[in-house]
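Q: here is the input, now give the coordinates:
(one chain, ligands or ions: 2)
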Amino acid sequence: MEQRRQLVVDDRLFEWMRDIRRTIHQQPELSFQEHDTSLYIQKKLKELSIPFVSGWGGTGVVGTLGGGECGGGADHHVGLRADMDALPVKELNHIDYASKNPGVMHACGHDGHVAMLLGAAALLSKINPCGRISLIFQPAEEYGNGAHKIIEEGALDDSLQAVFAGHIDTHYDTGTITVDEGIICSFADPFRITLKGSSGHAARPHETRDAIVAGCYLVTALQTIVSRETDPNRAGVVSVGCFNGGSGHNIIGDTAVLEGTVRSSHPQVRSDILDGINRVMDSIGKLFRVDAKLDFLPGLPAVINSKTATDVARAAAVAVVGHEGVISQGQPSLGAEDFSFYQQIADGCMVRFGASPGAEASPAHCGTFNFDEKVLAVGASWLATVALRWLGEYGEHSP
Ligand SMILES: [Zn+2]
Ligand SMILES: [Zn+2]
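A: Ligands and ions are numbered 1, 2, ... in the order given. Modelled structure (predicted):
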């Protein structure tokens, strides 16, 4: 019970975390450019006397805790993950810790994630736990699949058994944690379609093969894949977010390039949509006599929380916010998360930390996004608790 008491965030630790969060908020950096953020994290880990290795994916930092005296479980190894990148969003909040980097903002709460993980590190460093805890500060969650990159580089060795993380979420009240087994974030499959015809004078279309007209039909036809070909009880989205083609008002364009993304929360829906895109694209190409080529860009697997990890995550959440604070997010989100890459190499569970600032809440990725900073205490306690639970420190769970 002594250890459990130490996992509670006191006022001093809360203020330390809030200061970290606000400092990082003022110096937001884009994916793979988190150089100052990385140095700041390293400085804080040094303050806590926690050893680390930096440079994973350029800016990533992995700290290590553990090695304490224990009976069994010395070989247990758990990871806690925080992302640390910001977004190309102009901050519109009138706060004294607003972004000082024009056009860049922590509009997804990753500044809070870093503060929470450092707070958890502070709690755990007093305990010297049995087993090993990797504190993963990863770059580029928003653009670039930073998780994939640091794993490829070998930041996490084969002994890793499980990884846990939480995302700040202003849809839910502070003091709640969503815990769900199974899919919580969708598959994301970005794609590019290139249509190639032949150009000519706008007044003599019969001498050309118009890629723009073909592209316009294609964008519309792609929308029928979800509405007519997939099970309406299972979520899926096809969005074309970018359409480029043509060079002048009196020239028929010979090329159109469409870029979009497919989101799906079920493997069958995913394969139905991907098959459908291929077939619709080929048909439109034939219809308008243009060559059509489909490329899939690096995507993201779905975040699928395993039963074992979810059970531990739930027990930790109950310990931190009580039974009444543990809720479900309901349907899987069609947002994507590169946390899924950790789940390819280990057990894993990602949760959401409720952090609604009240009536004025703005959505993530918006220039007026902000969150209730009290969530920092909830997040730090949960991260520290879930790590110790996985390691079996309390003896209540032995994975
Ligand atoms: Zn985001
Ligand atoms: Zn995020």
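
Q: Ser368 falls within a strand, correct?
A: In this structure residue 368 is Thr, not Ser. No. Thr368 sits outside any strand when classified using DSSP: H, G, I helix; E, B strand; the rest coil, being coil.

Q: quick one: the nearest residue to it once chain neighbours are set aside from Asn370, how far?
A: Excluding its sequence neighbours, the residue lying closest to Thr368 (C-beta to C-beta, 6 or more residues apart in numbering) is Ser362, at 4.1 Å. In short, each C-beta sits where N, CA and C put it, glycine included. Ser362 sits 7 Å away from Asn370, going by C-beta to C-beta, to the nearest Å.

Q: these two touch, right, Ala107 and Lys90?
A: No. Counting by C-beta atoms under 8 Å, Ala107 stays clear of Lys90, with 9.4 Å between them.

Q: mind listing what the residue nearest to Thr368 touches?
A: Contacts of Ser362 were listed using C-beta atoms under 8 Å, 6 or more residues apart in numbering, and they are 170, 368-370.

Q: between Ala107 and Lys90, what contacts are shared?
A: Gly367.

Q: sorry, back to before: can you pull the pLDDT of the residue nearest to Thr368?
A: pLDDT recorded at Ser362 is 92.

Q: same thing with the one 5 residues further on?
A: We note a pLDDT of 97 for Gly367 in this prediction.

Q: let's number from 598 now, not from 1
A: Sure thing, new numbering starts at 598, so read that last one as Gly964.

Q: what about Gln623, how many residues close to it?
A: Using other C-beta atoms under 10 Å, Gln623 is surrounded by 17 other residues.

Q: now for it: which residues touch it?
A: For Gln623, the contacting residues are 694-697, by C-beta under 8 Å, 6+ apart.

Q: try Phe734
A: Neighbouring residues of Phe734 by C-beta under 8 Å, 6+ apart: 635, 638, 657-660, 679, 681, 711, 714.

Q: for Asp807, same thing?
A: Shown in contact with Asp807 (C-beta under 8 Å, 6+ apart): 794, 849-850, 885, 887.

Q: how close does Val837 get to Arg876?
A: For Val837, the distance to Arg876 - C-beta to C-beta - is 17 Å.

Q: more neighbours: which of the two?
A: Per other C-beta under 10 Å, whichever of Val837 and Arg876 has more neighbours is Val837, with 17 against 11.

Q: thinking again about what came up before, give me the more crowded residue out of Ala704 and Lys687.
A: Each of Ala704 and Lys687 has its neighbours counted (other C-beta under 10 Å); Ala704 has more, 27 against 12.

Q: can you tell me how far that one sits from Thr965?
A: Distance, Ala704 to Thr965, by C-beta to C-beta: 9 Å.

Q: got it, and Asn830?
A: Separation of Asn830 from Thr965 (C-beta to C-beta) stands at 35 Å.

Q: when those two are compared, which one has more neighbours?
A: Between Asn830 and Thr965, counting by other C-beta under 10 Å, Thr965 is the more crowded of the two (15 against 7).

Q: give the contact list for the residue nearest to the spatial centre of the chain.
A: In the chain, the C-alpha nearest the mean C-alpha coordinate belongs to Glu934, at 3.1 Å (C-alpha atoms, centre = their mean). The contact partners of Glu934, by C-beta under 8 Å, 6+ apart, come to 738, 764, 782, 897, 900, 947.

Q: now with 6 Å?
A: 782, 900 (C-beta atoms under 6 Å, 6 or more residues apart in numbering).

Q: and it, what's its pLDDT?
A: pLDDT, Glu934: 95.

Q: next up, phi/psi of it, please.
A: phi -150, psi 130 (degrees, to the nearest 10).

Q: do Gly812 as well
A: Dihedral angles (degrees, to the nearest 10) for Gly812: phi -60, psi -40.

Q: could you find the closest non-adjacent residue to it?
A: Distances taken as C-beta to C-beta, 6+ apart put Ala853 closest to Gly812, at 3.5 Å, once the chain neighbours are dropped.

Q: the one you found: how many residues sit nearby?
A: Neighbourhood size, Ala853 [other C-beta under 10 Å]: 25.

Q: and Val760, by the same measure?
A: 25.

Q: what residues of the helix or strand harbouring it count as buried?
A: Here Val760, judged by DSSP states H and E, is contained in strand 759-766. Neighbour-count burial for strand 759-766 flags 759-766 (criterion: 16 or more other C-beta atoms under 10 Å).

Q: how about those residues in JSON lines, adding pLDDT and distance to Leu988?
A: JSON lines is the format used below for the buried residues of strand 759-766 (pLDDT from 0 to 100; distance: C-beta to C-beta, whole Å):
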{"residue": "Ala759", "pLDDT": "96", "distance to Leu988": "10"}
{"residue": "Val760", "pLDDT": "98", "distance to Leu988": "13"}
{"residue": "Phe761", "pLDDT": "98", "distance to Leu988": "12"}
{"residue": "Ala762", "pLDDT": "98", "distance to Leu988": "17"}
{"residue": "Gly763", "pLDDT": "98", "distance to Leu988": "18"}
{"residue": "His764", "pLDDT": "98", "distance to Leu988": "23"}
{"residue": "Ile765", "pLDDT": "98", "distance to Leu988": "25"}
{"residue": "Asp766", "pLDDT": "97", "distance to Leu988": "27"}
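
Q: in TSV, list those residues along with distance to Ala719.
A: Shown next, in TSV, are the buried residues of strand 759-766 (distance: C-beta to C-beta, whole Å):
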residue	distance to Ala719
Ala759	22
Val760	20
Phe761	17
Ala762	18
Gly763	17
His764	21
Ile765	19
Asp766	23
